[in-house]
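Novice: I'd like to go over a predicted model; first the sequence, then the structure.
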Protein chains: 2
Amino acid sequence: MMHIERLCLIGVGLIGGSWARALRDAGAVGEIIGCGRTEASLQRAVELGVIDRYECDPAQAVLGADMVVLGVPLGGMRGVLAAIRETLAPHAIITDVGSAKGSVVADAEAVFGRVPPRFVPGHPIAGTEKSGVEASFKELFRHRRVILTPVADTDPDAVATVRALWEVAGAEVVAMDVEHHDEVLAATSHLPHVLAYGLVDTLAHWDDNREIFQYAAGGFRDFTRIASSDPRMWRDICLANREALLTAMKRYITDLNSLLESVEQADGERLEAVFDNAKQARDHFISLLEQ
Amino acid sequence: MMHIERLCLIGVGLIGGSWARALRDAGAVGEIIGCGRTEASLQRAVELGVIDRYECDPAQAVLGADMVVLGVPLGGMRGVLAAIRETLAPHAIITDVGSAKGSVVADAEAVFGRVPPRFVPGHPIAGTEKSGVEASFKELFRHRRVILTPVADTDPDAVATVRALWEVAGAEVVAMDVEHHDEVLAATSHLPHVLAYGLVDTLAHWDDNREIFQYAAGGFRDFTRIASSDPRMWRDICLANREALLTAMKRYITDLNSLLESVEQADGERLEAVFDNAKQARDHFISLLEQ
Ligand SMILES: NC(=O)c1ccc[n+]([C@@H]2O[C@H](COP(=O)([O-])OP(=O)(O)OC[C@H]3O[C@@H](n4cnc5c(N)ncnc54)[C@H](OP(=O)(O)O)[C@@H]3O)[C@@H](O)[C@H]2O)c1
Ligand SMILES: NC(=O)c1ccc[n+]([C@@H]2O[C@H](COP(=O)([O-])OP(=O)(O)OC[C@H]3O[C@@H](n4cnc5c(N)ncnc54)[C@H](OP(=O)(O)O)[C@@H]3O)[C@@H](O)[C@H]2O)c1
């Protein structure tokens, strides 16, 4: 099995913390050094056994690390890369878990002049609406997909190592183009989050005392769960994946306007056809998930 | 406790069947006569103990009933009311469970000339994405709200009876104007369903082989759960509550266009403010639900 002597995790939150827990649980790592901005949460991470020790300065944290995982929000990636540039060991593999990949690749290019061959951009398709190390758990990636988006001259060995470490956590790893990743995730994740946040915001402004929420049923609770996600993380994602998100939003708004027209014209046949197609597609998707 | 000697349930599906189960379980009814279009599902309802016997003709089914519950889709209400008009006992109380109330009131007016004083329009705010009597269960309404929308000359005794029968099922009953009901439900239920159906339909057309759904995570599953609801029932709801739904859709589309603009302008501050407001409102709503 893959073994990493010293792993440095910068951003010990839900995603980074969960991966660290899974790797430790499997005995795939020797030592895990955490790094973040808030000492209290790093101390908590030590207490929880997620990391062995921590450094508050990223440049210090990566010293001697064989592998560096960037678990910070997308808006923090460039700063962290700049901070570790000088002290990173030449043989160290870097990977990240950011929800958009084009922006991280651009950050690496800006900091290093090009994407370092041992930098493997990655994104686990797993999460909850919670955040922080307290919410992390080692099973988070089990039976989930992780998308790696190596670029043309990414070192295949580095890709193989990152892949193996995700497999240790129970994930199924697939590789994809950066652009394709960002387009697919804009559609299946970033757009739904914007729609859910938007809906709850619309309703919250509907009446001042929010009486309206009292009459929302279980379906609404599920539908809006993702609107309880971390606002700053999602602001970062929207900015980082702006182009692809804009395309997805425009497409959706066009379709929604056409649904509006069907309602306006009381076109029951068309409404039923759209609803039916959606139900079939979702039922198909659920059966895929359950395979 | 309230006791109904003979209850006639027209439309023995998820909602009607669940109420019947709860009433029987509590010993609140003597006999339950079912009625529907498909004999096989009525037979199944007898096997499941949801109803005692059935009639296929609504006019026959309501003979001698003290109470008639309309559990059919909104598009079926008017036809059923017309069918039972002549044979309904004068003392019988009628209620319905339809998801929109203005259309049912209009149906009653069209059939009876006015809303009969012993007709109490109602709507339980509970459901699942499943349908049919097989999916019914007696706990469905426990700790859920039921909205009754009596009109000016609805008999207060009839309202009290219907209220008591919902309370027997564990629900909390509130009264509301027909118009207010339709506006609130358009916002909190009908709009979300249209948005979810619309999103899945948009994605299903995104690429022909639906590869896109493979990269959808748990959040997407919850977000789109309501898009697995019965397309015909939701077509009926959209048509029945057309005006209020149009208002809600337009308001949402306006807000979504303004979010689109914020993404276009990379206005992170505004995005975060909207997301933050939504998260706070949802967390508040969840705490209400959990009270
Ligand atoms: N949550 C999801 O559903 C999900 C799914 C897939 C991928 N992702 C991606 O995973 C990454 C982390 O998300 P998460 O949900 O794990 O968030 P999280 O729980 O908030 O964790 C982020 C961690 O990074 C630290 N941090 C923030 N800014 C930093 C900086 N500039 N330098 C060093 N540390 C910093 C935070 O701690 P301090 O504030 O104490 O520094 C926190 O511990 C994001 O890039 C996100 O796009 C999230
Ligand atoms: N599902 C929800 O989440 C929910 C929540 C609150 C309120 N509601 C309302 O509850 C009502 C029923 O919904 P449901 O979810 O219970 O649907 P359902 O499970 O499909 O039940 C509807 C039943 O009505 C019967 N039916 C349909 N058309 C009929 C007609 N013209 N005459 C006689 N019987 C007829 C159907 O059986 P046959 O096809 O065999 O006739 C079926 O058993 C709808 O008005 C809906 O708006 C639904």
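Specialist: Arrived safely, thanks for sending. Worth saying up front: this structure is predicted, and the values here are computed from it rather than measured. Ligands and ions are numbered 1, 2, ... in the order given.
Novice: When you work out contacts or count neighbours from here on, use the C-alpha atoms and nothing else.
Specialist: Noted.
Novice: Backbone dihedrals for the spatially closest residue to A:Gly268 that is not a sequence neighbour, please?
Specialist: Among residues not flanking A:Gly268 along the chain, B:Arg235 sits closest, at 5.9 Å (Cα to Cα, 6 or more residues apart in numbering or on different chains). Backbone geometry at B:Arg235, expressed as degrees, to the nearest 10, gives phi -60, psi -50.
Novice: Check the gap between B:Arg235 and B:Ile33 for me.
Specialist: Note on B:Arg235: its distance to B:Ile33, by Cα to Cα, to the nearest Å, is 28 Å.
Novice: for A:Leu185, same thing?
Specialist: According to Cα to Cα, A:Leu185 and B:Ile33 sit 51 Å apart.
Novice: can you check A:Ala135 too?
Specialist: 51 Å.
Novice: And what about A:Glu5, helix, strand or coil?
Specialist: Of the three states, A:Glu5 takes strand according to DSSP: H, G, I helix; E, B strand; the rest coil.
Novice: So for it, what's the pLDDT?
Specialist: Listed pLDDT for A:Glu5 reads 97.
Novice: repeat for A:Asp236
Specialist: pLDDT, read off for A:Asp236, is 98.
Novice: try A:Gln291
Specialist: 67.
Novice: A:Ala135 and B:Ile33: who's more crowded?
Specialist: B:Ile33 (23 against 15; other Cα atoms under 10 Å in any protein chain shown).
Novice: which residues sit in contact with that one?
Specialist: B:Arg6, B:Leu7, B:Cys8, B:Leu9, B:Ile51, B:Asp52, B:Arg53, B:Tyr54, B:Glu55, B:Ala61 (Cα atoms under 8 Å, 6 or more residues apart in numbering or on different chains).
Novice: Okay, the second one and A:Val68: tell me how far apart.
Specialist: If you measure B:Leu7 against A:Val68 using Cα to Cα, the figure is 69 Å.
Novice: Likewise for the third one?
Specialist: Note on B:Cys8: its distance to A:Val68, by Cα to Cα, is 68 Å.
Novice: How about the first one?
Specialist: Between B:Arg6 and A:Val68 the computed distance is 72 Å (Cα to Cα).
Novice: neighbour count winner among the two?
Specialist: Using other Cα under 10 Å as the criterion, B:Arg6 and A:Val68 rank with A:Val68 on top: 26 against 19.
Novice: Tell me which other helices or strands the helix or strand hosting the more buried one touches.
Specialist: A:Val68 belongs to strand A:67-70 when assigned by DSSP states H and E. Packing partners of strand A:67-70 (3 or more Cα pairs under 8 Å, 6 or more residues apart in numbering or on different chains; DSSP states H and E): strand A:4-10, strand A:93-96.
Novice: one more time with 10 Å
Specialist: strand A:4-10, helix A:14-25, strand A:29-35, helix A:77-84, strand A:93-96, strand A:119-120, helix A:156-168 (3 or more Cα pairs under 10 Å, 6 or more residues apart in numbering or on different chains; DSSP states H and E).
Novice: Can you list the strands that whichever helix or strand comes after the last one pairs with?
Specialist: Read it as helix A:156-168. Helices and strands here follow DSSP H and E; after helix A:156-168, the next one along the chain is strand A:172-175. Using DSSP bridges, strand A:172-175 pairs in its sheet with strand A:145-148 (parallel).
Novice: The partner strand vs ligand 1: in contact?
Specialist: No: under the criterion of Cα under 6 Å from any ligand atom, strand A:145-148 makes no contact with ligand 1; the nearest approach is 9.1 Å.
Novice: And that strand, how far out from the chain middle?
Specialist: Here strand A:145-148 is found 10 Å from its chain centre; the criterion is Cα atoms, centre = their mean, to the nearest Å.
Novice: Pull the residues that contact it.
Specialist: A:95-97, A:99, A:101, A:120-126, A:159, A:162-163, A:166-167, A:170-178, A:181, B:214-217 (Cα atoms under 10 Å, 6 or more residues apart in numbering or on different chains).
Novice: With just CA atoms, put the helix or strand of chain A with the lowest mean pLDDT into PDB.
Specialist: One helix or strand of chain A scores below all others by mean pLDDT, DSSP states H and E: helix A:218-223, with a mean of 86. Below are the C-alpha coordinates for helix A:218-223, written out as PDB (Å, rounded to 0.1, in the frame of the first residue of the first chain):
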ATOM      1  CA  GLY A 218     -40.200  18.300   4.300                       C
ATOM      2  CA  GLY A 219     -39.600  18.700   0.600                       C
ATOM      3  CA  PHE A 220     -38.500  22.200   1.100                       C
ATOM      4  CA  ARG A 221     -36.100  21.200   3.900                       C
ATOM      5  CA  ASP A 222     -34.300  18.800   1.600                       C
ATOM      6  CA  PHE A 223     -34.500  21.200  -1.400                       C
END
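Novice: Packing partners of it?
Specialist: helix A:191-206, helix B:191-206, helix B:218-223, helix B:268-289.
Novice: nearest to ligand 1, of those helices?
Specialist: Among these, helix B:218-223 comes nearest to ligand 1, with 8.3 Å by Cα to the nearest ligand atom.
Novice: Report the angle between the helix or strand harbouring A:Val263 and helix B:242-264.
Specialist: Per DSSP H and E, A:Val263 falls inside helix A:242-264. Orientation check (axes from the mean of the first three to the mean of the last three Cα atoms, to 10 degrees): helix A:242-264 against helix B:242-264 gives 170 degrees.
Novice: does helix A:242-264 come close to ligand 1?
Specialist: No: Helix A:242-264 is not in contact with ligand 1 by Cα under 6 Å from any ligand atom; minimum separation 13.6 Å.
Novice: is that helix anywhere near chain B?
Specialist: Yes: using Cα under 10 Å from any Cα of the partner chain, a contact is recorded between helix A:242-264 and chain B, made by A:242-243, A:245-264.
Novice: Give me the neighbour count for the nearest residue to A:Ala92 once chain neighbours are set aside.
Specialist: Nearest residue to A:Ala92, sequence neighbours excluded (Cα to Cα, 6+ apart): A:Asp66, at 4.5 Å. A total of 18 residues lie near A:Asp66 under the criterion other Cα under 10 Å.
Novice: which ones are touching A:Asp66?
Specialist: Neighbours of A:Asp66 in contact, by Cα under 10 Å, 6+ apart: A:Ile4, A:Glu5, A:Arg6, A:Leu7, A:Cys8, A:Leu88, A:Ala89, A:Pro90, A:His91, A:Ala92, A:Ile93, A:Ile94.
Novice: any idea how far A:Thr154 is from it?
Specialist: Taken as Cα to Cα, the span from A:Asp66 to A:Thr154 is 17 Å.
Novice: Great, nothing more from me.
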